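>>> with the sequence up front, the predicted model follows.
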Amino acid sequence: MSFFRNVASGLRSLFRREHVSRELDEEVKAYLEMAAEEKMKEGASRADALREVRLERGSLEVTKEEVRSAGWESVVETFWQDLRFAQRTLRKSPSFAVVAILTLAMGIGANTAIFSCINAWIINPLPYPQSERLMVFATHDKKNGWSGDHVTSAADFFDFQKLNSSFEQSVAWTGASFNLTGDGSPELVDGGRVTWNFFDTLGAKPILGRTFTADDDRSGAPHVVILSEGLWQARYDGDPKIIGRDISIGGEAYAVAGVMPGTFQFPLMGIANLWTPLALTDKKRADRSGSWLPAFGRLKPGVTQEQAEAEARVFFFGLENQFPQTNANLTWLVNSMTWDIRRKEGGPELMIVFVVVGLILLIACANVANLMLARATSRAREFAVRGALGATRGRLARQLLTESVLLFFLGGLGGTLFGFWGMKLIESWIPSHIRGYMINYGHVDLDTRTLAFTLGIALACGVIFGLAPVLENARLDVNRTLKEASGQASGSKRGARLRQIFVAGEIALAVVVLISTTLLVKSFIISVRTGPGFNAANVMTAQLALPRTKYTNDSQRRTFGEDVEVRLRALPGVVSVGAASSIPFGGFGQGVEVEAVGRVAQPGERTGAALWAASPDYFSTMQIGLIKGRFFNIADSPGSSPVAIISQSFAREYWPNEDPVGRQIRFGEQHTVSTIVGIAGDVMRDHLREQGSWQIYVPLAQFPASTLAFVVRSSADPTMMATAVRDAIWSVDHDQPISLAPLETLINVVDAGYRVVTKLMVFFGALAMFLGTIGIYGVMAHLVSQRIHEIGIRKALGASSVQVMGLVFGSGLKLAMVGIAVGILAALGATRSLTTLLYQVAPNDPQTFIGVPILFVAIAIVACYLPARRAMHVDPMVALRYE
Amino acid sequence: MPDSPSDLVQGTLDMLLMKTLALQPMHGYGISVRIEQMSKGVFRLNAGSLFLAIQRLERDGLIEGEWKPTENNRRAKYYALTPKGRKRLNNETREWDRQVAAITRILETS
């Protein structure tokens, strides 16, 4: 009760100030009058009586002031006064205000933008109910230490699903591409094949129809399919009667069972618009050899991740004993799905960027703190006067703090604007292809948390860095300052020292940021210059999957491929044409286990390699380099003995001291044996910073594939070829869906995340450098203006211009050197965390560690030049008269 | 200096003030006169501490003020003890008696 009364009374004083103060006035006056009347009864005159009362009872003005300042509301009132005063002071020096607020807005805005991304992608939970109970399974080889994002085998999965006691549900799935035919032109749609409980376990509800049931998931059950809202709208015009309707997938009829809302997303699967039940045959369900299914589960309430993993460990220990052939050394890891998704979304990279923007904010704050310090020095006289008039130190400190908090608050507002713009920009940099992999994509927004973060850092920095001028002010000697004739106090030594520490510190930070940025940019440039091992310019690609229902045997597939190649070659503007089972950066990769014939493998040794079946002209079209031996030719036909080409890294690492050409390798499930006829240059498959991987090529004619990718090199812009290429393929089979894209686009899409990070780092590196330059310039300029008098005396005493200039440069460069040295040391430690992002650049790359500091010395020289010139041109007479 | 007014023991002003008001509502000046009379001139309040104490007690809901005409036809704010104030006064008086007794015992034994 009394608390509310207190608040109410305080509010009354605040908002009805006139009234309350009049009331107090009247009360006190009544008191005075009554006391005086008493005195007058004793015979004193009225004037004497009043005087006596004042002496006895104290001054009434002071009384009123005492009463007024006792309530909490007076703190608010003082704050309000300070705020208005601060606003007036800022308005009186607009250039200071603009520079400071802009600097802060840049620093804070960078943080807001990055934080909003982190908030959406890392802090916000996955968009599934109780997502913390979702766990993904991973295979782990205890002996060799590798892990894979899939379960050991279908049989292991179904056994575990049936027998475990930790999980409510366990789900297996696999990404797939579906050929949609009928209802318009054929289309290749990405999606997944999933066990029936996929949607229910995630807690996703359809907007139309139903999710899958256990009956749907049996081999031989009637085909059903679930569509995404996007696909339903785009291809079926949002047909409200779509449920139960048959659509044609790969030539077979599938009844539509449900439609999932557009907001449903499963980043581990990427972009998915269509799902069918996994519906494995009994034989496949019992298969323990393969490992290709990703899987996840939902923990029962109350079961922890550790308990589940312990159970899995025991379970797989049993399987190891039971099936040593297939399960030796293998176990499952149980990882949080949230963690798994965040890791794949590039969480670590984002955190590095976050650290960088944090450093930039520090640089910006140091700059502004310096400006405020400089102002505090030149306002010393003002504060001395106010001190002399009775303002306490605390009161002055409070006012200075209010000023800096106001400044930072305005910076925070500006930062919010910059941040909003920045986060939209960042989001737009993410290419559509990988948006499916980003959880909460499109939900990067200025929510309450982001706003709280922005204003929080603004105010926190305002208080922390606002203390600098307060500390400076605390040592103000009122007498001395007032006595100083010029009114230009030279500032305490410690204040100057503080400013120097700030500048050296911010240069150090800028050096760290710039070195990190340079390393990233350098590895980016190297990776672009190195190239992917082939020439992607002017190449159009057409990827397709031949339906097994239509192309049932090898010769049909071979004929299709050869027919298409002939027709493509006949197109005008085409330079050459090749075909392969898949292409780098394309959709259908294949890996096999491989060993050399006649070489005893170490027990448990697994050697995997990428496998491509390629036509003879594939190499010349892609412009892949031949290191040794020969490429394929027409003679490598189905009838002739199997041959293979291996990549340079494979050759070098597997046969370090021998010539592999002429040797035989055994690979794949069929244990095919092929003779090596050539060594090709390494080709990057998935991203541009790959270290040489093991690769095997076999002739497409000998190993016809059901997935095909045609590469068409043209003499001009490959996008012009798209229609012609599609029509050429459709002239062979009009129902065949095709995915067309220039090869360069495929690479760009995969590389986008790295490009985004690199772009951000370049931008922030430039920002850090810019702020650092301003910082050192500001301090030098201030230093010179503070020492004009001293410089004048020096000149009057015979110092030459060159000596004066040396003085300025000397002190400026000394600061810069200290900052740079500290920065180099800090960077040596910091860049180690960049290792995973770097490509063929060491984290302590000497060129960078020499180049960046030299750049900063140059910047320091430039930043010192203007102040130095001013110092040089100081006229001793003018400077002395300046007094 | 036994003749000049003494300072109040810290924290007792509120109690004295409430005690004064326990008999009848009073205005500020009345309170200070009454305290002086009751203490036979030992305590003399200056206006600052008086009005601070009044504001404090009013905000805590222990006393309530009301504007009324005085006997000399002047307007003054009369303060009265609230029930809550009365309870507080009783508690504090009891506590005070206890402490004084204890202090006296200590002073006498030594």
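Nice, thanks for sending it over.
>>> for chain B, give me the ranges with low pLDDT.
Filtered on pLDDT under 70, chain B yields the residue ranges B:1-11, B:110.
>>> wait, isn't residue A:711 in contact with residue A:621?
Yes - between residue A:711 and residue A:621 there is a contact under CB atoms under 8 Å: 5.0 Å. To be clear about C-beta, it is placed using only N, CA and C from the backbone, and glycine gets the same treatment.
>>> overlap in contacts of those two?
Contact criterion CB atoms under 8 Å, 6 or more residues apart in numbering or on different chains; residues bridging residue A:711 and residue A:621 by contacting each: A:539, A:577, A:578.
>>> quick check: which element contains residue 108?
In the absence of a named chain, this looks at chain A. Per DSSP states H and E: residue A:108 is located in helix A:94-118.
>>> wrong one, chain B
Element membership of residue B:108, judged by DSSP H and E, is helix B:83-109.
>>> what comes up buried for that helix?
For helix B:83-109, burial by neighbour count (16 or more other CB atoms under 10 Å in any protein chain shown) applies to B:85, B:88, B:89, B:92.
>>> ok, of the residues you listed, which one's closest to residue A:769?
Minimum distance to residue A:769 across these is 66.5 Å, recorded for residue B:88 (CB to CB).
>>> so the closest one sits against residue B:18, correct?
Yes - in this structure residue B:88 lies within contact range of residue B:18 using CB under 8 Å: 6.9 Å.
>>> identify the contacts common to these two.
In contact with both residue B:88 and residue B:18: residue B:62, using CB under 8 Å, 6+ apart.
>>> thinking again about what came up before, packing partners for the helix holding residue A:108?
helix A:73-92, helix A:347-378, helix A:393-429, helix A:448-474, helix A:743-786 (3 or more CB pairs under 8 Å, 6 or more residues apart in numbering or on different chains; DSSP states H and E).
>>> chain center to the fourth one, what's the gap?
With CA atoms, centre = their mean, to the nearest Å as the basis, helix A:448-474 stands 25 Å off its chain's centre.
>>> do the same with stretch A:680-700
From the chain centre to the centre of stretch A:680-700 is a distance of 28 Å (CA atoms, centre = their mean).
>>> with stretch B:40-50 instead?
Here stretch B:40-50 is found 10 Å from its chain centre; the criterion is CA atoms, centre = their mean.
>>> could you pull up phi and psi at the most centrally placed residue in chain B?
Centroid-nearest residue in chain B: residue B:17, 1.5 Å away (criterion: CA atoms, centre = their mean). Backbone torsions for residue B:17, taken as degrees, to the nearest 10, come to phi -60, psi -40.
>>> wait, isn't it in contact with residue B:31?
Yes - counting by CB under 8 Å, residue B:17 does reach residue B:31; the two are 6.2 Å apart.
>>> what sits in contact with each of the two?
B:50, B:54.
>>> dump the residue contacts of the residue nearest to the centre of chain B.
If you count contacts by CB under 8 Å, 6+ apart, residue B:17 has them with B:31, B:35, B:50, B:53, B:54, B:57, B:63.
>>> same thing but at 7 Å, please
B:31, B:53, B:57 (CB atoms under 7 Å, 6 or more residues apart in numbering or on different chains).
>>> how near is it to residue A:656?
According to CB to CB, to the nearest Å, residue B:17 stands 99 Å off from residue A:656.
>>> what's the pLDDT at residue A:349?
Note on residue A:349: pLDDT of 76.
>>> quick check, it in contact with residue A:837.
Yes - assessed by CB atoms under 7 Å, residue A:349 is found in contact with residue A:837 at 6.4 Å.
>>> other SSEs contacting the longest strand belonging to chain A?
Scanning chain A for the longest strand, with DSSP state E as the assignment, gives strand A:167-181. Strand A:167-181 sits against helix A:154-163, strand A:187-194, helix A:198-202, strand A:246-249, strand A:295-299, with contacts defined as 3 or more CB pairs under 7 Å, 6 or more residues apart in numbering or on different chains; DSSP states H and E.
>>> so which residues on chain B come close to chain A?
Counting by CB under 7 Å from any CB of the partner chain, the positions of chain B adjacent to chain A are B:27-29, B:46-48, B:51-52, B:55, B:59-61, B:74-77.
>>> return the subset of those residues lying in helices.
Members of these lying in helices (criterion: DSSP state H): B:28, B:29, B:47, B:48, B:51, B:52, B:55, B:59.
>>> how about TSV for those residues, with neighbour count and distance to residue A:409 added?
Converted to TSV, those look like this (neighbours: other CB atoms under 10 Å in any protein chain shown; distance: CB to CB, whole Å):
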residue	neighbour count	distance to residue A:409
B:28	24	42
B:29	25	47
B:47	26	40
B:48	20	37
B:51	24	37
B:52	17	34
B:55	19	33
B:59	20	31
